[in-house]
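The sequence and its predicted three-dimensional model are supplied below.
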Amino acid sequence: MRSRNSDPETRLETLKLIIYLVPIFGFFPSLWSLYLRQGSQREQTVSKTAVTLALAWVMVYVLTAAGSQASDLVSTRLLVTSLLTTTGYFVTNLWLMVRLLQGGSARLPGVSKLGDRLP
C-alpha cells in the first residue's frame with residue numbers, strides 16, 4: 001500500500017508549500033497565491049501564515065532599525081532585538097518546512113489566527 005506522501009500531486013503541493021515558507025523570497029509567491037485565491041485550503045493556510053510572518057518580521061525589523069538610528073542610548077538593544085527577530089523568523093520558517101515534510105500542519109498559535117483575517 002502506498003503512503004500519502006508518495007503521491008506525486010501531494011509531493012508537488014508540499015514542494016510548493018515549502019517554497020512559500022522560504023524566508024523573504026517565499027513572501028511573493030505566497031502573496032500571489034492569496035491574491036489569485038487559488039489552491040487548496042492547505043495552500044491558502046500556509047500562504048496566510050507565510051505572509052503574516054513576513055509582514056511581522058519586516059515591521060519589527062524596520063522599527064528597530066529606525067529606533068537604533070534615532071537614539072544612541074538604546075541602539076545596541078534595538079539592534080540585538082532586530083537580530084533575534086530575524087533569527088526567530090528564519091528558524092520558525094525552517095521549523096514549519098520540516099513539519100510540512102513530516103506531513104504535519106503549518107499552523108502557529110496566534111500567527112495563524114491573525115493570518116485568517118487576511119482576505
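Structure received.

Count the residues that sit near L21.
25 (other CB atoms under 10 Å). In this view, the C-beta of every residue, glycine as well, is placed from N, C-alpha and C.

And Y20, by the same measure?
Y20 has 30 neighbours, counted by other CB under 10 Å.

Could you do G103 as well?
Applying other CB under 10 Å, we find 11 residues neighbouring G103.

same thing with F90?
F90: 14 surrounding residues under other CB under 10 Å.

quick one, what contacts it?
If a contact means CB atoms under 8 Å, 6 or more residues apart in numbering, then F90 has P23 as its contacts.

Where do the helices of this structure begin and end?
Assigned by DSSP state H, the helices in the chain fall at 8-20, 27-36, 41-70, 75-101, 111-115.

Excluding chain neighbours, what is closest to the residue nearest the centre of the chain?
In the chain, the C-alpha nearest the mean C-alpha coordinate belongs to A50, at 2.8 Å (CA atoms, centre = their mean). In space, and not counting its chain neighbours, A50 is closest to S30: 4.1 Å by CB to CB, 6 or more residues apart in numbering.

Mind pulling up the pLDDT for the one you found?
For S30, the pLDDT comes out at 92.

what's it in contact with, if anything?
By CB under 8 Å, 6+ apart, the contact set of S30 is 20, 46-48, 50-51, 54.

Name the residues of stretch 67-78 that are buried.
Within stretch 67-78, the residues scored as buried using 16 or more other CB atoms under 10 Å are 67-68, 78.

ok, for R37, nearest residue in space, not its chain neighbours?
Q44 (7.8 Å).

and what of F27?
Take F27 and drop its neighbours on the chain: the residue closest to it by CB to CB, 6+ apart is A54, 4.1 Å away.
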